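Novice: okay, structure incoming, though there's no sequence with it:
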């Protein structure tokens, strides 16, 4: 049996732990730059505020109902997520942290030893609530996909009290009939359209397609696995990472700027700071990247701007995978130079590191690499660059993020960072900064 | 003939703690204490009985001064512990967090200040009040330091 635990409107719940006056009122958390709604309290959902709605469209409605909009506070959400995951790991042997507010649980064999599973899961929810103040819902099912289905229904039907178990065929059928096909885990917008055009509207209908049909229309074996999972035949297990953090297939760091940028230096400053953050994450996972992608975007809501709004360039890192910030910066600069067009106005940029593999495993030697002893063009020797990066990471850990950063990402003292996003309604980092702890009378 | 291979030992990567017993090592005569080196005791282990459930909060005001809790002090608050009679707790009253002593008088429960200038608060409707956590430790600065500086910058 698999379980999927997720935090109910997680970001809002984190805020409410430290601002209890927000209980019972409509509350939303905004995306980076205070742009769109990314988390809604139940009260905000009842007001009809949609996920992703632009802030300016809902501001008046919130004010009218004594609601509150908050800038996202990832320092707080990250620490609360760590606490939730730690409580889960303490009580369940197999936990896969799937996202900041979701974790899969491996509950196989637990009925036998620890009594009825549902009672056990209720206790687990209670424990997470007591220790962190975060309410959760849990879906249980024979496959990860069904656990996800069960979780979704548990969230939508309060009378289930946060736990739903899809154990019998009749329950599974009832649940799948109630679920639109586009809401199935792994069915994206494009597959949903394909399915709808074939008259497949519910998860139940999807579970009934033939193997040949699934392979043909849903991307081969992946689609067939999904169908089998819906039928209750497990095709995937947990993918726990050793340190409990989510080891990703790719690392992405992108932001919308607080203001429009058109100077190359400002744009490059933004990209270089995102890249140095991304490579820091890469090293923290002990990985190296083969592929570097840089993208810069213009405002797609600006009618004067012709598409394409986003231009991107991808480069296979010459000389094999790396986690060296300096090397990647040199390549990224060339990519930005190629993408940048003078006179255009940019609102967003980002970098993606792909093709990740563990550092130092069976590296392919490069036929065209400079002979040992000759100075390579873009970086110092591998070993020394590793030492340098270790020192940079150590300094940033000790003295705070951004203590050592690429020169392009440094602005003159006292000047605002041109690409920094707006966050006018951010709550304090209640759990991670001494200066910002909660005050009690 | 035997070959001797020199293996380079890399620099240490772990955090260095200040050793409890540190002494100069005279050449030729090793310190008898060097086998007894211990790591500095980590204060977090004292403050965080349940690390994931413990939160640090700061005190404003003197409503708890007779319990040796003063403005600017740092409190370790454990949400895992169940609050009981005579515990000092952080409670949510009318949407605000407050630190008070939870006491039972006969059949009724009270949030009691430890300062005669402050009135006690009777918990009339249990659903109106939520216990946020139980205070397990107080960190009070006797010489002005970081906590005091932060308190002053707040005023």
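Specialist: Right, received. Where do you want to start? Predicted model, so just to flag it, every value in this text is computed and none were measured.

Novice: contacting residues around the residue in chain B positioned nearest to chain A?
Specialist: Nearest residue of chain B to chain A (CB to the nearest CB) works out as residue B:95 at 3.1 Å. From N, CA and C alone the C-beta is placed, and that goes for glycine too. Each residue near residue B:95 by CB atoms under 8 Å, 6 or more residues apart in numbering or on different chains is listed here: A:20-23.

Novice: which residues does the closest residue in space to residue B:100 that isn't next to it in sequence contact?
Specialist: The shortest distance from residue B:100 to any residue other than its chain neighbours is 3.9 Å, reached at residue B:111 (CB to CB, 6 or more residues apart in numbering or on different chains). By CB under 8 Å, 6+ apart, the contact list for residue B:111 reads B:89, B:91, B:93, B:98, B:100-102, B:120-121, B:123, B:129.

Novice: which among those residues end up buried?
Specialist: Burial by neighbour count, judged by 16 or more other CB atoms under 10 Å in any protein chain shown, picks out B:89, B:91, B:93, B:98, B:100-102, B:121, B:123, B:129 from the contacts of residue B:111.

Novice: so which of these belong to strands?
Specialist: B:89, B:91, B:93, B:98, B:100-102, B:121, B:123 (DSSP state E).

Novice: looking at those residues, which one is closest to residue A:60?
Specialist: residue B:93 (31.3 Å; CB to CB).

Novice: which one of the contacts of residue B:95 sits closest to chain B?
Specialist: residue A:21 (3.1 Å).

Novice: that's a strand at that closest one, yeah?
Specialist: No: applying DSSP: H, G, I helix; E, B strand; the rest coil, one finds residue A:21 to be helix, outside a strand.

Novice: any idea how far the closest residue to it other than its chain neighbours lies from residue B:132?
Specialist: Spatially, and ignoring its direct neighbours in sequence, residue A:21 is nearest to residue B:95 (3.1 Å; CB to CB, 6+ apart). Distance of residue B:95 to residue B:132, given as CB to CB, to the nearest Å: 12 Å.

Novice: which residues do the two both contact?
Specialist: Common neighbours of residue B:95 and residue B:132 (CB under 8 Å, 6+ apart) are residue A:20.

Novice: per-residue confidence at the residue of chain B closest to chain A?
Specialist: We have a pLDDT of 88 for residue B:95.

Novice: same check, this time on residue B:25
Specialist: At residue B:25, pLDDT is 51.

Novice: cool, the one 5 residues further on as well?
Specialist: At residue B:30 the predicted local confidence, pLDDT, stands at 57.

Novice: and residue A:233, what are its phi and psi?
Specialist: phi -100, psi 110 (degrees, to the nearest 10).

Novice: got a list of what it touches?
Specialist: Counting by CB under 8 Å, 6+ apart, residue A:233 has contacts A:142-143.

Novice: and the gap between it and chain B?
Specialist: 35 Å (CB to the nearest CB, to the nearest Å).

Novice: residue A:405 belongs to a helix?
Specialist: No: counting by three-state DSSP, residue A:405 is not found in a helix; it is coil.

Novice: tell me the contacts of it?
Specialist: Residue A:405 makes contact with A:273, A:276 under the criterion CB under 8 Å, 6+ apart.

Novice: same thing with residue B:135?
Specialist: With contacts defined as CB under 8 Å, 6+ apart, residue B:135 is in contact with B:69, B:75-78, B:87-90, B:99.

Novice: let's see that with 10 Å instead.
Specialist: If you count contacts by CB atoms under 10 Å, 6 or more residues apart in numbering or on different chains, residue B:135 has them with A:440, B:57, B:59, B:64, B:67, B:69, B:75-78, B:81, B:83, B:87-90, B:99-101.

Novice: could you give the number of residues near residue A:62?
Specialist: For residue A:62, the count of nearby residues is 20 (other CB atoms under 10 Å in any protein chain shown).

Novice: do you know the pLDDT at it?
Specialist: 95.

Novice: residue A:192 touches residue A:202, doesn't it?
Specialist: No: look at residue A:192 against residue A:202 with CB atoms under 10 Å: they stay out of range, at 11.6 Å.

Novice: quick check: neighbours shared by those two?
Specialist: Common neighbours of residue A:192 and residue A:202, using CB under 10 Å, 6+ apart, are A:180-181, A:183-184.

Novice: now do the helices in chain B.
Specialist: In chain B, the helices defined using DSSP state H lie at B:43-47, B:146-154.

Novice: the longest one and chain A, any residue contact?
Specialist: Which is helix B:146-154. Yes: for helix B:146-154, a contact with chain A is found by CB under 10 Å from any CB of the partner chain, at B:146-147, B:149-151, B:153-154.

Novice: quick one: average pLDDT of that helix?
Specialist: 83.

Novice: and for stretch B:105-124?
Specialist: On average, the pLDDT along stretch B:105-124 is 92.

Novice: how about the strands in chain B?
Specialist: B:54-59, B:74-78, B:88-93, B:96-105, B:108-112, B:121-123, B:130-139.

Novice: go on, chain A?
Specialist: Along chain A, counting by DSSP E, strands occupy A:2-7, A:27-30, A:37-40, A:68-71, A:94-99, A:102-106, A:136-141, A:163-165, A:251-261, A:287-298, A:310-316, A:346-358, A:438-440.

Novice: will you turn those into a markdown table that also has mean pLDDT?
Specialist: Rendered in a markdown table, the data for the strands of chain A read as follows (pLDDT from 0 to 100):
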| stretch | mean pLDDT |
| --- | --- |
| strand A:2-7 | 94 |
| strand A:27-30 | 95 |
| strand A:37-40 | 94 |
| strand A:68-71 | 94 |
| strand A:94-99 | 84 |
| strand A:102-106 | 91 |
| strand A:136-141 | 95 |
| strand A:163-165 | 92 |
| strand A:251-261 | 86 |
| strand A:287-298 | 87 |
| strand A:310-316 | 82 |
| strand A:346-358 | 85 |
| strand A:438-440 | 90 |
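
Novice: for chain B, find the nearest of those.
Specialist: Taking CB to the nearest CB, strand A:438-440 is the member of these nearest to chain B, at 4.5 Å.

Novice: that closest one close to chain B?
Specialist: Yes: applying CB under 10 Å from any CB, one finds strand A:438-440 touching chain B at A:438-440.

Novice: nearest to chain B among the shared contacts of residue A:192 and residue A:202?
Specialist: residue A:183 (31.8 Å).

Novice: so how many other residues sit close to the closest residue to that closest one other than its chain neighbours?
Specialist: Leaving aside its chain neighbours, residue A:183 sits nearest to residue A:152 (6.5 Å; criterion: CB to CB, 6+ apart). The local packing of residue A:152 (other CB under 10 Å) involves 22 other residues.

Novice: how about the contacts made by residue A:152?
Specialist: So residue A:152 contacts A:4, A:6, A:137, A:139, A:164, A:175, A:178-179, A:183-185, A:203 (CB under 10 Å, 6+ apart).

Novice: from residue A:226, how far out is it?
Specialist: Separation of residue A:152 from residue A:226 (CB to CB): 15 Å.
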